[in-house]
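A.B. asks: Everything below, folded, please.
(chains A, B and C, ligands or ions: 2)
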Amino acid sequence: MNSVLARIYKVHDGLTRAAAVLAAIGLICIVASYVYEVVTRYFFNAPTAWVSDFVSYALCASIFLALPKVTMDKGHVAVTILVEVVPEALADAMHTCINLIGFCCLGFAAYVSLQENIRQYSKGIETLAIVPVPQWWISSFITFGLALSSIYFLRYAPASQRVRGDVMTERPG
Amino acid sequence: MEWYVTLLAGVAILFALFLSGAPIFLAFLFAILTGIYFIIGPAGYPMFANSILDTASITSLASIPLFILMGELLFRSGTMDVLFDSIDKLVGRVRGRQYVLVVVLSAVFGALSGVAMAVAAMLGRAIMPGMQARGYDRDIAAGLIVSGASLAPIIPPSLLAIIVGSIADVSIAKLLIAGVMPGLLLGGIFLVYVFVRIAMNANLAPANVTSERGEISLGEQAIALIRILPFAIVIFSVMGFIMLGIATPSESAATGVLGALITAAIYRNLNLKMIWESVMASITVSAMILAIMVMSKMFTQLLAFTGATSELVQLVANLGFSPIVMLVIMLAVPFVLCMFIDTIAVILLTIPIYQPVVTSLGFDPVWFWLLFLINITLGAITPPFGYTLFAFKAVVPEMTISDVYKATWPFVMLFLLGIAVIIAFPGVATWLPGLTG
Amino acid sequence: TDMKMLTAWGPNHSGTANMAYGYITLVEEMTGGEVSIKPSGPEVVPGGKQLQPVSSGVFDLIYTHGLYHTGTTGIGAAIDAVNGDIEKRRMSGVWDWVDKHYQETQNLKVLSIPTATTGFRFFLKDEMDPNKKLDGMKIRALPSYNKIVGSLGGTAVVIPFGELYSAAEKGVIDGLVWPTVGAVGFKFHEVTPYLAEPAFGTVSYLIMMNLDKWNALDADTQKAMLEAGHKLEQDTVGVFNKLLEEENAMMVEGGAKTTSIGYSLEEANKLFADRAMEVAIEKSGATGEAFRDFVASKGM
Ligand code: NA
Ligand code: NA
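C.D. replies: Numbering: from 1, shown residues only, chains lettered A, B, ... in the order given. Ligands and ions are numbered 1, 2, ... in the order given. Modelled structure (predicted):
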């Protein structure tokens, strides 16, 4: 493989792993903030205004930070009934076709999402919440997750990248 | 375009994409992007971006990663092994005893959570490995977990029951309590089925512990009992906090995680590496599940935009057959719709149109809407498309989706049997709420 | 002409049933069937994300409340702070001010601001002692009425809508604040059966149209749609007072009782209005201040 490409791949994988770590931290923060809310509300009669909103922001960010890792691990759920019975050559062709479609669809979705991020930023749109924040703070994670995932679909398009036999033997994560 | 052309085309395209082996979320995405272009035009794309944001930031969905995390922690800390071993020692003579454990756990966690997906993923993670290691039949275990998890929206607390109650204008309190007996009935049917299967084929359950290792002493049994007591902390940190009014159902998923950590500490299996691996696995599995959910939501919105779904429901509501035929058709529609589109959307689209029909047919509202609730839950475990199925598949990589389908079908039939019983004997659903006046 | 309307709530919501569908009927009557409007609810576009597709013209009309788009502009929510007399709102120029604001910033033409003078009320788990007010109580409240909760000695708690019923049932909260009309549908009286009298504040909804679509209409149609909007505002006051009686009766039949938490209506109205205006200023800055000053200058 071309060394420039190899370096790009390395950066891509590195970003993906780092994003997954952030996603995991996001989940820890969700647990911690919920527990904090329960304790302060019940035992100190001092509920917070921010926990509910924070959880929703952290959830959205964590999902889309972790999405590239799922795509990298080829961990998405798929119905493989047909692929299991067709000839190998056809299965390979379908694999390439699906991955190219995946690249285009996710790439386009990321583009749409980016346009929306820009609109939200330029119009100063905030989230509908008790503790509002600029909407693009949250929605740009969607763009990030879709974009990084789309590149994996392109990288996995060659037939040699098809997972043979069972769909998924390794647990993700 | 006629509404049925749109509906059939949409569903056919999605079906073809599923079968092509494309990731489920990608199949939806493709259908959405092309659908928006042809149905709304490019001006509809920002709606799509906003729909993703809206679905992905629904606070109550946080219970999905939290429940999965609970399951990961219980499994990785060996808490489940302790539970399995203790059950072996306590009821070693009952062949297939761990199946009973699965049904009981799914009823308990179903009662704790209102989200079937969360329970399916949690139990799939916590129970499946132990069951297989002990020689239990994989398909029966999988079917039990998936169908047991589907009791979550039926046994209170249940967000779906609250939504159905407020839109259908029936007492939420009655609808919630009406779910208790049908939930237990279904759990009972599952158990009877399992023991009939074992009676017919002894290989489906490992032999008795007693015959393997000789008689287990009373002392050993007492120790086994003491060993499972810390598990009660997990149950209490979820259920107790809800019942005592300390935490909301979503928050209790987080306190449950805390409970699982405390339990792991008691078993001296708590370490940072285990916690980190659990968190990592939970968030990636959740991303996989929620990616499907986010996309199917927009597909649902698109179908709703064309008016196709409400036309279908309208058509059914106006058929004017005899009450029993109407009942079956009216239940069949949400059941079929739930194979392809989001449960809550089915509720929003169907109930307003059904409500006057239910009144004019003279159905008991609590009874009808409870049946409706059971049906849409069933839709989520009926192959080929169902959130609960995918959530389970996501945590059990060693099974293909076809394996999961195969495991689930018998339980779908059992669900239908349960529904038939509730139709034949409405008292199963209406007796308890009747007591509350 | 066929038009598409987005409604923030489904058809079972009394606001949608009476205001949105009421408007649709009025427009059909007044245009002699020339204009027909097809409504879709939150199953097509979630309630909080409906402004954008109407601004961009995917849909023609919207029925909503300002609180559903405070992320975009706070003016809609601030209408609740204005005197509820709909004719005075029109004569004083407040109605036109709001219309101009939405035209200039959101590409939307305001057609009607139907207002329920039935306002909001407290739903409580237990009977209250008017002397103690809400001392030590945990009340689920949105920003627009958290000030009232605080001034009565209560603590405002944030609970997402989906968890509200079970939170009230199990006693995570001691009560909640909800629009007086429409609450019966959410069955809050089953878990918080004590309804505090009197209700306070007003709830002002918005019916708006995409400005480009509006400009493309002929003058007669425009006139008819605006007249339908005015008629709807006039009808709404009476319709909601009647709904209030009906829904109160239904809740009482379902076990609800009235209670008092010892506030004066004037005080509650003022706290509510002040807070609604503060929200507008927090969200819309100088525009919000300009709206507040304009409303004040008109004595509204
Ligand atoms: Na439940
Ligand atoms: Na299904």
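A.B. asks: all helices in the stretch 101-250 of chain B, in order from the N-terminus.
C.D. replies: Remark: helices assigned in the stretch 101-250 of chain B by DSSP state H, counting those that start in this stretch are B:116-133, B:138-149, B:159-168, B:172-178, B:180-200, B:209-213, B:218-228, B:231-235, B:241-243, B:249-266.
A.B. asks: Repeat that for the stretch 1-150 of chain C.
C.D. replies: Assigned helices in the stretch 1-150 of chain C, in chain order: C:14-15, C:21-30, C:51-55, C:75-78, C:86-91, C:94-106, C:146-151 (criterion: DSSP H, counting those that start in this stretch).
A.B. asks: a markdown table please, covering these and showing distance to chain A and mean neighbour count.
C.D. replies: In short, each C-beta sits where N, CA and C put it, glycine included. Below are those laid out as a markdown table (distance: least, Cβ to the nearest Cβ, whole Å; neighbours: other Cβ atoms under 10 Å in any protein chain shown):
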| stretch | distance to chain A | mean neighbour count |
| --- | --- | --- |
| helix C:14-15 | 18 | 23 |
| helix C:21-30 | 24 | 20 |
| helix C:51-55 | 8 | 24 |
| helix C:75-78 | 11 | 27 |
| helix C:86-91 | 25 | 16 |
| helix C:94-106 | 9 | 18 |
| helix C:146-151 | 8 | 20 |
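A.B. asks: Tabulate those helices in a markdown table, adding columns for mean pLDDT and distance to ligand 2.
C.D. replies: Compiled in a markdown table, these are given as follows (pLDDT from 0 to 100; distance: least, Cβ to the ion, whole Å):
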| stretch | mean pLDDT | distance to ligand 2 |
| --- | --- | --- |
| helix C:14-15 | 86 | 34 |
| helix C:21-30 | 95 | 33 |
| helix C:51-55 | 94 | 29 |
| helix C:75-78 | 91 | 40 |
| helix C:86-91 | 94 | 49 |
| helix C:94-106 | 96 | 40 |
| helix C:146-151 | 84 | 42 |
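A.B. asks: out of those helices, which comes closest to chain B?
C.D. replies: helix C:51-55 (5.1 Å; Cβ to the nearest Cβ).
A.B. asks: Which single residue in chain A comes nearest to ligand 1?
C.D. replies: Using Cβ to the ion, the closest approach of chain A to ligand 1 is made by residue A:34 at 18.5 Å.
A.B. asks: Name all residues that make contact with that residue.
C.D. replies: Residue A:34 makes contact with A:51, A:55, B:62, B:66, B:247, B:250-251, B:253-255 under the criterion Cβ atoms under 8 Å, 6 or more residues apart in numbering or on different chains.
A.B. asks: go again using 6 Å as the cut-off
C.D. replies: The contact partners of residue A:34, taken as Cβ atoms under 6 Å, 6 or more residues apart in numbering or on different chains, are B:251, B:254.
A.B. asks: With residue A:139 instead?
C.D. replies: Counting by Cβ under 6 Å, 6+ apart, residue A:139 makes contact with A:117, B:53.
A.B. asks: Find me the pLDDT at it, would you?
C.D. replies: According to the prediction, residue A:139 has pLDDT 93.
A.B. asks: Tell me the secondary structure at it.
C.D. replies: helix (DSSP: H, G, I helix; E, B strand; the rest coil).
A.B. asks: I'd like the distance from stretch B:346-363 to the chain centre, please.
C.D. replies: Mean-position distance between stretch B:346-363 and its chain equals 24 Å (Cα atoms, centre = their mean, to the nearest Å).
A.B. asks: That stretch near chain C anywhere?
C.D. replies: Yes - contact between stretch B:346-363 and chain C, assessed by Cβ under 6 Å from any Cβ of the partner chain, occurs at B:348-349, B:352.
A.B. asks: Same question for that stretch: list its buried residues.
C.D. replies: By neighbour count, and taking 16 or more other Cβ atoms under 10 Å in any protein chain shown as the criterion, the buried residues in stretch B:346-363 are B:346-355, B:357-358, B:361, B:363.
A.B. asks: got it, and stretch B:9-16?
C.D. replies: Of the residues in stretch B:9-16, B:9-11, B:14-15 count as buried by neighbour count, 16+ other Cβ under 10 Å.
A.B. asks: Nearest to residue A:73, out of the helices of the stretch 1-150 of chain C?
C.D. replies: Across the helices of the stretch 1-150 of chain C, the minimum distance to residue A:73, taken as Cβ to Cβ, is reached by helix C:51-55, at 34.7 Å.
A.B. asks: Which secondary structure elements does the closest one sit against?
C.D. replies: When contacts are defined as 3 or more Cβ pairs under 6 Å, 6 or more residues apart in numbering or on different chains; DSSP states H and E, helix C:51-55 sits against none of the other helices and strands.
A.B. asks: do whichever strand or helix holds residue B:388 and chain A meet?
C.D. replies: Assignment of secondary structure by DSSP states H and E places residue B:388 within helix B:387-395. Yes - for helix B:387-395, a contact with chain A is found by Cβ under 6 Å from any Cβ, at B:390, B:393-394.
A.B. asks: List just the nearest of the residues you listed to chain C.
C.D. replies: Comparing the residues of helix B:387-395 next to chain A against chain C with Cβ to the nearest Cβ places residue B:390 closest, at 21.8 Å.
A.B. asks: Quick check: that closest one touching residue A:77?
C.D. replies: Yes - the criterion here is Cβ atoms under 6 Å, and residue B:390 meets it with residue A:77 at 4.8 Å.
A.B. asks: most centrally placed residue in the chain?
C.D. replies: In the absence of a named chain, chain A is used. For chain A, the residue whose C-alpha lies nearest the mean C-alpha position (Cα atoms, centre = their mean) is residue A:67; its distance is 2.2 Å.
A.B. asks: other chain: chain B
C.D. replies: Most central in chain B (Cα atoms, centre = their mean) works out to residue B:116, at 2.4 Å.
A.B. asks: Longest helix in chain B, please.
C.D. replies: The helix of greatest length in chain B, counted in residues with DSSP state H as the criterion, is given as helix B:272-306.
A.B. asks: which of the residues in that helix are buried?
C.D. replies: For helix B:272-306, a neighbour-count test (16+ other Cβ under 10 Å) marks B:274-275, B:277-306 as buried.
A.B. asks: again, but for stretch B:427-437
C.D. replies: Residues of stretch B:427-437 classed as buried by neighbour count (16+ other Cβ under 10 Å): B:428-430, B:432-433.
A.B. asks: what about residue B:316, how many neighbours?
C.D. replies: The number of residues packed near residue B:316 is 19, by other Cβ atoms under 10 Å in any protein chain shown.
A.B. asks: shouldn't it be in contact with residue B:333?
C.D. replies: Yes - using Cβ under 6 Å as the test, residue B:316 is close enough to residue B:333 to be in contact (5.2 Å).
A.B. asks: per-stretch mean pLDDT over the helices of the stretch 101-250 of chain B, give me the minimum one.
C.D. replies: In terms of average pLDDT, helix B:209-213 trails the rest of the helices of the stretch 101-250 of chain B, at a mean of 54.
A.B. asks: Tell me the confidence at the residue nearest to the residue nearest to the centre of chain A when sequence neighbours are not counted?
C.D. replies: If the residues on either side of it in the chain are set aside, residue A:67 comes closest to residue A:145, at 4.0 Å by Cβ to Cβ, 6 or more residues apart in numbering or on different chains. We note a pLDDT of 97 for residue A:145 in this prediction.
A.B. asks: Give me the neighbour count for residue A:145.
C.D. replies: The number of residues packed near residue A:145 is 33, by other Cβ under 10 Å.
A.B. asks: Figure out which of the helices of the stretch 1-150 of chain C is closest to residue A:46.
C.D. replies: Comparison of the helices of the stretch 1-150 of chain C against residue A:46 by Cβ to Cβ identifies helix C:146-151 as nearest, at 12.7 Å.
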